[in-house]
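J.: From the sequence below, what's the structure:
(chains A, B and C)
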Amino acid sequence: MPELPEVETTARSLRARLIGLRAQCVGGVDWPRMLPQTTEDEVRALLVGLCVTVVDRRGKYLLIGFEDDRWLGLHRKMSGNVLLRPSDAAHEAHTHFELGFDDGTLLRFVDVRKFGRVYLFHSSADRDIFIAERLGPEPLTELDAPSLRRMLQGRRGRLKSLLLDQAFLAGVGNLYADEALWVARLHPLRTADSLSAREIGRLATAIKEVLTLGIERRGTSFSNYRDADDTPGDNQHHLNVYGRESQPCPRCGRPIRRILIGARSAHFCASCQRSPSPPPSPVRGARELRVEPRPSGERPRGARGRGAVQAASNF
DNA sequence: CCACGATCCTGCTAGC
DNA sequence: TGCTAGCAGGATCGTG
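T.: This next block holds a predicted model:
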């Protein structure tokens, strides 16, 4: 599934080849829902004759800017690929949108599962409204420990679900969320408000690290992801937890587990990423009682207070 | 406001 | 061998 690193890799490929090209034809739409807020005719009327000036990315959205401040937004969702082909390229199955340029280059949106979407923006203001309604901050440029701390404040949801929420943080999907939580040694079921300052710092660093490495490796070709030049990424050879159920954790050797969180799979190491569920009521009191002398028979189990780790064996 | 389940899609896989 | 049921999952929408 294309997430931030895959979309960024595609944006870089497209940028190198599209800027300066003039849109010449629009077609190939066999699936109207591909264009939820526009039509093939409108795209043609608005873009044909205009040169590409910018190729950008925001979250998982690919943004192609044209003269006159017109913009095309592409979201690949699960299985979509944005490919560049020569004008005489053979028909490709599952093509749902095509944009031809004056030098013969053909931009093709190919998506087996038909989840992908194409948007048209009449101005950068329109584009910004659309983005602002949907996306939180950019992890690589707008995220650090203090900002993440503010973002987590007042949130009680599970970490994994929050990371998948694009309005919370843009660009992270299932794969990189699992990888980031593993690097940060945080259990996916931990609640947002349970993190210490140290843990928040680890998480902010981990998110940026896994995304940066993903980009350096030109993305993860776990299922059918290809960049615009049809080349697969390399990051699938470097995954620590995602898709590695029951294989050994690279850090401790114990088997990776997989659970479902809100109908999404979550991969993690139950040993490195400790279970979040401390005994429900004693938590608050236990922290305050910690300074008081304990009954000698009761040995602090983890000695670090969070406790109740052994109940994790089911996760 | 916030959390969460259902929904959209189709290729692939497991199971019979 | 051939069939089918179930799974995968990003974003949106509806509900509690």
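J.: quick check, the helix or strand containing residue A:178 touching DNA strand C?
T.: With the criterion set as DSSP states H and E, the secondary-structure element containing residue A:178 is helix A:174-184. Yes - in this structure, helix A:174-184 sits against DNA strand C according to Cβ under 7 Å from any atom of the strand; the contacting residues are A:174, A:175. The way it works is simple: take the backbone N, C-alpha and C, and place the C-beta from them, glycine included.
J.: what mean pLDDT does that helix have?
T.: Per-residue confidence for helix A:174-184 averages out to 94 on the pLDDT scale.
J.: any bit of stretch A:125-134 sitting next to DNA strand B?
T.: No - for a cut-off given as Cβ under 7 Å from any atom of the strand, stretch A:125-134 has no contacts with DNA strand B; the smallest distance is 12.1 Å.
J.: For the helix holding residue A:178, report the contacting residues that lie outside it.
T.: With Cβ atoms under 8 Å, 6 or more residues apart in numbering as the contact definition, helix A:174-184 has outside contacts at A:1, A:3-5, A:159-160, A:163-164, A:172, A:187-188, A:199, A:202-203, A:205-207, A:209-211, A:214, A:220, A:222, A:239-243, A:264-269, A:272-273.
J.: quick check, residue A:8 in a strand?
T.: No - secondary structure assignment (DSSP: H, G, I helix; E, B strand; the rest coil) places residue A:8 in helix, not in a strand.
J.: Report the contact partners of it.
T.: A:57, A:215, A:219.
J.: What's the first helix or strand after the helix holding residue A:178?
T.: Scanning the chain past helix A:174-184 towards its C-terminal end, the next helix or strand to appear is helix A:197-216 (assignment: DSSP H and E).
J.: For residue A:121, list each beta-bridge partner.
T.: With DSSP bridges as the criterion, the beta-bridge partners of residue A:121 are residue A:71.
J.: That one contacts residue A:74, doesn't it?
T.: No - in this structure, residue A:121 is not within contact of residue A:74 by Cβ atoms under 8 Å, at 11.7 Å.
J.: mind listing the helices for the stretch 201-315 of chain A?
T.: Along the stretch 201-315 of chain A, counting by DSSP state H, counting those that start in this stretch, helices occupy A:282-289.
J.: how about the residues of it near DNA strand B?
T.: Going by Cβ under 7 Å from any atom of the strand, the residues of the stretch 201-315 of chain A near DNA strand B are A:262, A:263.
J.: Isn't residue A:212 up against residue A:140?
T.: Yes - with the criterion set as Cβ under 8 Å, residue A:212 and residue A:140 qualify as a contacting pair; they are 6.8 Å apart.
J.: any low-confidence regions in chain A?
T.: Per-residue confidence of chain A (counting by pLDDT under 70) places the weak regions at A:222-228, A:277-315.
J.: Which parts of it are strands?
T.: Counting by DSSP state E, the segments of chain A that form strands are A:23-27, A:52-58, A:61-66, A:70-75, A:80-85, A:95-101, A:106-111, A:117-121, A:257-261, A:264-268.
J.: any idea how far the residue of the stretch 201-315 of chain A found nearest DNA strand C lies from DNA strand B?
T.: Going by Cβ to the nearest atom of the strand, DNA strand C is nearest to residue A:265 of the stretch 201-315 of chain A, at 3.6 Å. As for residue A:265, its distance to DNA strand B is 13 Å (criterion: Cβ to the nearest atom of the strand, to the nearest Å).
J.: tally of neighbours for that residue?
T.: A count of neighbours around residue A:265, defined by other Cβ atoms under 10 Å, yields 15.
J.: for the one 5 residues further on, same thing?
T.: Residues within reach of residue A:270, counting by other Cβ under 10 Å, total 20.
J.: Surely it touches residue A:257?
T.: Yes - Residue A:270 lies in contact with residue A:257 (Cβ under 8 Å); the separation is 5.3 Å.
J.: what residues are up against the residue in the stretch 101-250 of chain A positioned nearest to DNA strand B?
T.: When scored by Cβ to the nearest atom of the strand, the stretch 101-250 of chain A has residue A:157 as its residue closest to DNA strand B, at 3.3 Å. Applying Cβ under 8 Å, 6+ apart to residue A:157 gives the contacts A:165, A:191, A:192.
J.: Return the residues of the stretch 1-150 of chain A in contact with DNA strand C.
T.: Proximity of the stretch 1-150 of chain A to DNA strand C (Cβ under 7 Å from any atom of the strand) is limited to residues A:1, A:3, A:59, A:60, A:75, A:77, A:78, A:79, A:113, A:115, A:134.
J.: Understood, closing this out.
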